[in-house]
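1. Build me a model:
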Amino acid sequence: MTGLANGEVTGVRFTVSIRYTGLGDRLICLAAAWLFARNTGRTLVIDWRFGDLSRNWYSNDFIACFRNSGHLAGVPIICDNSVAQLKYPTPRYPFIWNHKTLLQRPMSRPTDLMEVHRRAAVNLIRAKRDRPEPVVVFDACINDGIVRFEDAREFYQALEPVEPVAEHVEEFRRQRFEAAPVIGLHIRHGNGGDVMGHTKYWTSFSEAIVRCQRYVDFARERLGSDAPVFLCTDSSDVEAAVRALVPGVFTRPKQFRPQGVGELHHGSDVWQRRDDALIEMLLLAHTKALIRYPPGTFFSLYGAVMKQRTGPPPETLYHLMEGFDRAEPLSPGLIL
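-> Numbers count the residues shown, from 1 in each chain. Sure, this is the predicted structure:
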């Protein structure tokens, strides 16, 4: 930063990434913003305030999850609580962010233009175009702004979990993952929440569990009939149903929300479950086979990108969002 003019930062151009959602969504949207910042030579501001991942609503949740090294895969970042003191230059894009207080209270942004701004952001990122404004703000779900697998891997690989989380991951991996090849099974149910495009996968709860069981059997044909299954889910009902149908399942103990009240990343006590969610996300990258149901869920995308694979990686992230069997529209995703 080269200086201040009327209280505003000068000499720096910014990309601002704002999200209040679950970890998987926040990360894939941040990846798209990172890609734009990298392509346009901007500083990336990671503004994860006002969400439920932190006990303090005004704290930047990013530094509760990941280390602040000042850079992220070659892009300079501002990701700590100093974002609250930033006085961004003008003009800003989209125009709505020129309101003098909106960036300090982004949750009050009108939503009527959200979809228009989302589409414009995705087109901007994909086209590798810049904007003349010194500040570009992304606050919508711009996951489809990042397409290439290698870009996503570069981004995820640069993330360094905070030390307590990294230690828990390593300890659990050493205890449970070294004795035999582990099958990772991530099942996002929603627990009564609005799972939007994933709804069709849960028309029948019992059939959904059977689909996942079939893919566990398929993975065991490759890895061995006694390969253990590491289950990650947001629903105690799902955990009970999988344990009843699939032998050899193990989990990492965590606190579920009451049945039917919504997803794990909602609620006033989310911060108490934050580390458990992050640890599970990171552990899925250490599995030998990874089953994702539904296949388009963002939570297990980190594992899908970062795990070792027996064959070449796909060219695009869209290949990771598809079911393994294209003849079966509701099939889980499977990566070996």
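2. Pop the domain breakdown of this protein in here.
-> Domain assignment for the chain by automatic domain parsing gives 3-149, 162-335.
3. would a markdown table of these with distance to Tyr156 be doable?
-> All C-beta spots, glycine's among them, are computed from the backbone N, C-alpha and C. As requested, the domains of the chain are exported to a markdown table (distance: least, CB to CB, whole Å):
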| stretch | distance to Tyr156 |
| --- | --- |
| domain 3-149 | 7 |
| domain 162-335 | 5 |
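4. Redo these as CSV? Include mean pLDDT and mean neighbour count.
-> Putting the domains of the chain into CSV (pLDDT from 0 to 100; neighbours: other CB atoms under 10 Å) gives the following:
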stretch, mean pLDDT, mean neighbour count
domain 3-149, 93, 18
domain 162-335, 93, 18
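5. At which residues are the strands of the stretch 151-300 of the chain located?
-> Under the criterion DSSP state E, counting those that start in this stretch, the stretch 151-300 of the chain contains strands at 183-187, 229-233, 249-250, 289-293.
6. and Asp130, which of the ones you listed is closest to it?
-> Of all the strands of the stretch 151-300 of the chain, strand 289-293 sits nearest to Asp130, with 34.5 Å by CB to CB.
7. which strands and helices sit next to the next helix-or-strand element following that closest one?
-> Following strand 289-293 in sequence order, the next helix or strand is helix 301-306 (DSSP states H and E). Applying 3 or more CB pairs under 8 Å, 6 or more residues apart in numbering; DSSP states H and E, one finds that helix 301-306 contacts helix 23-40, helix 149-158, helix 270-283, strand 289-293.
8. Out of these, which is closest to Ser59?
-> Per CB to CB, nearest to Ser59 of those: helix 270-283, 9.5 Å.
9. other SSEs contacting that closest one?
-> By 3+ CB pairs under 8 Å, 6+ apart, helix 270-283 packs against helix 23-40, helix 62-65, helix 163-176, strand 229-233, helix 301-306.
10. ok, back up a step: got the strands of the stretch 151-300 of the chain as TSV, with distance to Asp269 columns?
-> As requested, those are exported to TSV (distance: least, CB to CB, whole Å):
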stretch	distance to Asp269
strand 183-187	22
strand 229-233	18
strand 249-250	25
strand 289-293	26
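11. How about Ser236, nearest residue that isn't a chain neighbour?
-> Nearest residue to Ser236, sequence neighbours excluded (CB to CB, 6 or more residues apart in numbering): Phe256, at 4.4 Å.
12. Quick check: the gap between the one you found and Asp234.
-> Distance of Phe256 to Asp234, given as CB to CB, to the nearest Å: 8 Å.
13. now Leu86
-> Distance from Leu86 to Asp234, by CB to CB: 34 Å.
14. And for Thr40?
-> 36 Å.
15. again with Glu167
-> 24 Å.
16. And for Arg118?
-> Using CB to CB, Arg118 is found at 25 Å from Asp234.
17. try Pro106
-> The value you get for Pro106 to Asp234, if CB to CB is used, is 26 Å.
18. and what of Tyr156?
-> For Tyr156, the distance to Asp234 - CB to CB - is 21 Å.
19. Over to Arg176?
-> 20 Å.
20. How about Asp139?
-> Separation of Asp139 from Asp234 (CB to CB) stands at 24 Å.
21. Likewise for Ser331?
-> Look at Ser331 and Asp234: by CB to CB, they are 20 Å apart.
22. cool, Pro247 as well?
-> Going from Pro247 to Asp234 by CB to CB gives 23 Å.
23. again with Ile78
-> Separation of Ile78 from Asp234 (CB to CB) stands at 31 Å.
24. Likewise for His117?
-> Going from His117 to Asp234 by CB to CB gives 29 Å.
25. Ok, Ala166 next?
-> 23 Å.
26. doesn't Glu263 make contact with Gly193?
-> Yes. At 4.1 Å, Gly193 counts as touching Glu263 under the criterion of CB atoms under 8 Å.
27. any idea how far Asn191 is from the residue nearest to Ser236?
-> Phe256 sits 8 Å away from Asn191, going by CB to CB.
28. repeat for Ile335
-> Relative to Asn191, Ile335 is positioned 25 Å away (CB to CB).
29. same check, this time on Ser331
-> Taking CB to CB as the measure, Ser331 and Asn191 are separated by 22 Å.
30. Tabulate the helices and strands packed on helix 301-306 (a markdown table), appending distance to Gly303.
-> Formatted as a markdown table, these follow (distance: least, CB to CB, whole Å):
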| stretch | distance to Gly303 |
| --- | --- |
| helix 23-40 | 10 |
| helix 149-158 | 9 |
| helix 270-283 | 7 |
| strand 289-293 | 5 |
